[in-house]
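Asks: coordinates for the following, if possible.
(2 chains)
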Amino acid sequence: MSMGIPQPALRNSTLVRVILFLWLGVNAALASFAATSVLHKAAPEFVRTDLNHRRLDLRAYRGKIVLLNFWATWCAPCQLEMPRFVAWQNQYGPRGLQIIGVSMDDDSAAANSLVKKLKLNYPVVMGDEKLGHSYGGVMGLPITFLIDSHGKVQAQYQGETNLNSIEEQFKPLLRP
Amino acid sequence: MKFSFARISGTLAVLFTFALLSSKVQMQAQFAGASVPNGSTLTIPVAQIIQPEALLHLLQGTGAEKPLMLQVGSHMMYAEGHIPGSEYVGQGSQPAGLQQLQNRVSSLPRKRAIILYCGCCPWNRCPNLGPAFAKLHDMGFTNVKVLYLADNFGTNWANKGYPVEQGR
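Replies: The predicted structure is shown next:
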């Protein structure tokens, strides 16, 4: 009596293996996509010209506590955060806080206009997908990174975040 | 006094719920007074909203005709990550974006299945979906769904391991 596996069953089994292999491959690829967070890693460096035409090198802010805020003019929650950032820059700037804005607008004119309207007292650069990818992908705004004095990302805040809790997190890192 | 497992877990559940609610209330308080932009997502009928899981099943299915998926947020966010097969058609909050949307769909049958999505920011604050949906409705499209992304595209789509493509 033959113990061989019937051909259709064999074909089905091979098919199942192929599907399983593909499924695992797709999942691995997706997992690596989701695992590109910069949290607890060195903040990706960048050099840009800010909206006031001054050179901005993130590396030059080593020694300061940096809040790197990605925003856009069409993002309502972003605009609600900004007056608070202005107040923090005034209040905590002398103790080593530096806020840096990254506009994810498609063009700089709208960003420039809002920066003036809100009287932002911190530098703003224009972002792009390259910069966004380097920070793990900016797929929703606002998103803010807390970078310590050694240039390491200590925290990441995505979406409508409780601003009081952000303040409580960066305050202990500032100079007395 | 005897502490049963059920009593302890019940207490923890109450405390957790309280913590969650108070944090939500605090967050809403800091954004109090913020106006909802005209043509917000609140104007989109519930029946026209599709959940991410349902769209994923639709895309994985073997149905003959896949829906036309249009991203109506910013081009940069599209480049950061979008649903494979979807097209960028301009920002729904901008007149130029709505014109681009109109140009893209004007020759299509009005029964064509269309999915609109954005995910730029939290659902109820998205400035793009409401006007884009209204535009298609005004043009007579009858089979339009809008993808519900509660927080943003990253949190409610990409981070769930759903397919994402990068580039313009």
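
Asks: burial count for residue 103?
Replies: Using chain A here. 25 (other CB atoms under 10 Å in any protein chain shown). The way it works is simple: take the backbone N, C-alpha and C, and place the C-beta from them, glycine included.

Asks: wrong one, I was asking about chain B
Replies: 11.

Asks: report the secondary structure element holding it.
Replies: When elements are assigned from DSSP states H and E, residue B:103 belongs to helix B:95-105.

Asks: and that helix, average pLDDT?
Replies: Per-residue pLDDT over helix B:95-105 has a mean of 97.

Asks: by contact count, what packs against the following helix or strand past it?
Replies: For helix B:95-105, the following helix or strand on the C-terminal side (DSSP H and E) is strand B:114-117. Under the contact definition 3 or more CB pairs under 8 Å, 6 or more residues apart in numbering or on different chains; DSSP states H and E, strand B:114-117 sits against strand B:68-71, helix B:129-138, strand B:144-147.

Asks: what residues sit buried inside stretch B:80-87?
Replies: For stretch B:80-87, burial by neighbour count (16 or more other CB atoms under 10 Å in any protein chain shown) applies to B:80, B:81, B:82, B:83, B:86.

Asks: so which strand or helix has residue B:55?
Replies: Going by DSSP H and E, residue B:55 is in helix B:52-60.

Asks: does chain A have contacts with the helix holding residue B:103?
Replies: No. Counting by CB under 8 Å from any CB of the partner chain, chain A is not contacted by helix B:95-105; separation bottoms out at 10.1 Å.

Asks: orientation of that helix relative to helix B:129-138 in degrees?
Replies: 40 degrees (axes from the mean of the first three to the mean of the last three CA atoms, to 10 degrees).

Asks: other residues contacting the helix or strand containing residue A:89?
Replies: Assigned by DSSP H and E, residue A:89 belongs to helix A:76-92. For helix A:76-92, the external contacting residues (CB atoms under 8 Å, 6 or more residues apart in numbering or on different chains) are A:67, A:69, A:71-73, A:97-99, A:101, A:114, A:118-122, A:141-142, A:144, A:159-160, A:163, A:167, A:170-171, A:174, B:30-31, B:34, B:37, B:121-122, B:125, B:127.

Asks: out of those residues, which are buried?
Replies: Judged by 16+ other CB under 10 Å, buried ones among the contacts of helix A:76-92: A:67, A:69, A:71-73, A:97-99, A:101, A:114, A:120, A:122, A:141-142, A:144, A:159-160, A:163, A:170, B:30, B:37, B:121-122, B:125, B:127.

Asks: how about the residues of chain B near chain A?
Replies: B:23, B:26-27, B:30-31, B:34, B:37, B:73-77, B:79-81, B:91, B:93, B:119-122, B:125, B:127-128, B:151-155, B:157-159, B:161-164, B:166-168.

Asks: domain parsing for chain A?
Replies: Following automatic domain parsing, one finds the domains of chain A at A:1-35, A:47-173.

Asks: please apply the same query to chain B.
Replies: Per automatic domain parsing, the structural domains of chain B span B:1-34, B:41-160.

Asks: format those domains as TSV; extra columns: distance to residue A:107.
Replies: Below are the domains of chain B laid out as TSV (distance: least, CB to CB, whole Å):
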stretch	distance to residue A:107
domain B:1-34	25
domain B:41-160	10
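
Asks: might you name the residue of chain B sitting closest to chain A?
Replies: residue B:152 (2.2 Å; CB to the nearest CB).

Asks: thinking again about what came up before, the contacts of helix A:76-92 in strands, which ones?
Replies: In strands, judged by DSSP state E, the following of these are found: A:67, A:69, A:71, A:97, A:98, A:99, A:101, A:144.
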